[in-house]
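Trainee: output the structure for:
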Amino acid sequence: MAFERITVDPERMGGVPCIRDLRVTVSMILGRLAAGRSIDEVLEDYPYLEHDDIRAALE
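Mentor: Predicted structure coming up:
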């Protein structure tokens, strides 16, 4: 399930892994979490993401 939410497209964001083909990279999500933001705060920052997207990024 997790990697169904992570996409890699050389034409989008330079081929960096993204969440569901959006222009939100896995590293952006991990960076916010590493900086101390909670999952709920990240979801507030990106309201079009879902909890499963964050879990997929963590995996």
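Trainee: tell me where the chain has helices.
Mentor: Secondary structure of the chain (DSSP state H): helices at 26-34, 39-45, 51-58.
Trainee: dump these into a markdown table; add mean pLDDT and distance to P17 as well.
Mentor: Heads up, the C-betas are built off the backbone N, CA and C, glycines and all. Below are these laid out as a markdown table (pLDDT from 0 to 100; distance: least, C-beta to C-beta, whole Å):
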| stretch | mean pLDDT | distance to P17 |
| --- | --- | --- |
| helix 26-34 | 97 | 4 |
| helix 39-45 | 96 | 16 |
| helix 51-58 | 95 | 8 |
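Trainee: rebuild those helices as JSON lines, extending it with distance to M13 and mean neighbour count.
Mentor: Conversion of these to JSON lines gives the following (distance: least, C-beta to C-beta, whole Å; neighbours: other C-beta atoms under 10 Å):
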{"stretch": "helix 26-34", "distance to M13": "10", "mean neighbour count": "16"}
{"stretch": "helix 39-45", "distance to M13": "17", "mean neighbour count": "14"}
{"stretch": "helix 51-58", "distance to M13": "14", "mean neighbour count": "17"}
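Trainee: between these, which one is nearest to R20?
Mentor: helix 51-58 (6.5 Å; C-beta to C-beta).
Trainee: other SSEs contacting the closest one?
Mentor: With contacts taken as 3 or more C-beta pairs under 8 Å, 6 or more residues apart in numbering; DSSP states H and E, helix 51-58 sits against strand 18-19, helix 26-34, helix 39-45.
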